[in-house]
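>>> Let me see the structure of the following:
(one chain, ligands or ions: 1)
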Amino acid sequence: MVQYYLPVGMRYSALEERKRFYTSDFNLQAVAQWFGNWQGKVRFAVIIGRHTKIYPEKYKEDASVTIVIDEYSNLEDVRQEILEFLPEAVYYDRNVYDETGAKTGQELAFDLDPENITCPIHGTLADKMRRNQGLGFCELELRMVKQETVGLYEFLVKHFDKLRVVYSGRGFHIHVLDPQSYALSANERLKIARQVKEAGFHIDEWVTSGEMRLIRLPYSLNGLVSRVVLPLTKDELLSFDPIHDERALPAFLGRKATF
Ligand SMILES: [Zn+2]
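So this is what the prediction gives:
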């Protein structure tokens, strides 16, 4: 197993810890609120152990595949499914579907990850990949990616009204909830992604263009770093410290950073 370098205190979550989180910490009300204006039924998805190689033995064969959760009657059902799989990651599908399952739109989102930042210490993504550290990141990269997120927010707020920032456990996501953005064509999305990159932001083009439509579920556990996926206001973002902020610390870490 490759161990990635991570900021102090960040580490993989064990199965028992995932279980504890989704039994006691997982805030379903907050999840329901996140989807307050969603048109249609949300499709959830989990990945059990693709990166961590930590999975319940009975799901060994399916540890790396994406498992869709779309047959549920309420969020409590979804939680029970998650508790069955004990995944390293929980996502939702940004596609909006009607009752027949036809796609009617897609939430627009931007994904900023620390590995895409060129670090004065660890170098470029290519440097990191050469050392099998494509998913590793350091505290400095985390700080730099936060500054970029602030910058991207200020860039996007000129074009959109309803922006939501989410700490993903590694980097940050910006979700665009303006109703008209759901109807953007694939070409328009690609154009936006290119414009944002040309403006100097290190986003994942696949997420914004819509090719990669899964995005981490807010309030779920990022099992690669043992942090809660956390929505933040723009003001909170400025002072947010992902290493120590208690709201991002699952209870199994003791709710306080002892490092
Ligand atoms: Zn670094």
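>>> give me the number of residues near Gln39?
12 (other Cβ atoms under 10 Å). Just so you know, the C-beta spots here come from the backbone N, C-alpha and C atoms, and that holds for glycine as well.
>>> Read off the pLDDT value for it.
pLDDT recorded at Gln39 is 89.
>>> in terms of contact, does it touch Glu99 like I think?
No. Gln39 lies out of contact with Glu99 (Cβ atoms under 8 Å); the separation is 10.9 Å.
>>> mind checking how far the residue nearest to the spatial centre of the chain is from Ala45?
Centroid-nearest residue in the chain: Arg216, 3.3 Å away (criterion: Cα atoms, centre = their mean). Plainly put, Arg216 is 10 Å away from Ala45 if you go by Cβ to Cβ, to the nearest Å.
>>> Now the common contact residues for the two.
90-91 (Cβ atoms under 8 Å, 6 or more residues apart in numbering).
>>> For Ile203, give me phi and psi.
Phi and psi for Ile203, reported as degrees, to the nearest 10, are phi -90, psi 160.
>>> so when I look at Glu76, I'm seeing a helix, right?
Yes. Applying DSSP: H, G, I helix; E, B strand; the rest coil, one finds Glu76 inside a helix.
>>> Quickly find the element holding the residue of the chain most remote from its centre.
Taking Cα atoms, centre = their mean, the residue of the chain most remote from its mean C-alpha position is Thr100, at 27.7 Å. Under the criterion of DSSP states H and E, Thr100 resides outside all helices and strands.
>>> how far away is it from Met10?
For Thr100, the distance to Met10 equals 42 Å [Cβ to Cβ].
>>> if we can go back for a sec, gap between the residue farthest from the centre of the chain and Lys41?
Using Cβ to Cβ, Thr100 is found at 11 Å from Lys41.
>>> The closest residue to Lys162 other than its chain neighbours: how many residues sit nearby?
Once flanking residues are discounted, Lys162 sits nearest to Leu177: 3.9 Å by Cβ to Cβ, 6 or more residues apart in numbering. Leu177: 18 surrounding residues under other Cβ under 10 Å.
>>> let's number from 598 now, not from 1
In the new numbering, first residue 598, that becomes Leu774.
>>> Pretty sure Leu774 sits against Val763.
No. Leu774 is beyond contact range of Val763, at 11.7 Å (criterion: Cβ under 8 Å).
>>> Flag the shaky bits of the stretch 698-847 of the chain, pLDDT-wise.
Counting by pLDDT under 70, not a single residue of the stretch 698-847 of the chain qualifies.
>>> can you rerun that using 80?
Confidence mapping of the stretch 698-847 of the chain against pLDDT under 80 gives the ranges 731.
>>> Can you tell me which residues in it are near the ion?
Within reach of the ion by Cβ under 5 Å from the ion, the stretch 698-847 of the chain has these residues: 716, 718-719, 735, 738.
>>> Can you say which of these are buried?
Among those, those classed as buried by neighbour count (16 or more other Cβ atoms under 10 Å) are 716, 719, 735, 738.
>>> Pick out the most distant pair among those residues.
Farthest pair in these (Cβ to Cβ) is His719 and Glu738. Separation: 7.2 Å.
>>> What are the boundaries of the strands in the chain?
Ranges of strands within the chain are 641-644, 663-666, 686-690, 692-694, 700-703, 705-709, 760-764, 769-773, 811-813, 818-819, 824-825, 827-829, based on DSSP state E.
>>> so can I have a markdown table of those showing distance to Ser782?
Compiled in a markdown table, the strands of the chain are given as follows (distance: least, Cβ to Cβ, whole Å):
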| stretch | distance to Ser782 |
| --- | --- |
| strand 641-644 | 24 |
| strand 663-666 | 25 |
| strand 686-690 | 18 |
| strand 692-694 | 14 |
| strand 700-703 | 10 |
| strand 705-709 | 11 |
| strand 760-764 | 21 |
| strand 769-773 | 15 |
| strand 811-813 | 19 |
| strand 818-819 | 31 |
| strand 824-825 | 34 |
| strand 827-829 | 27 |
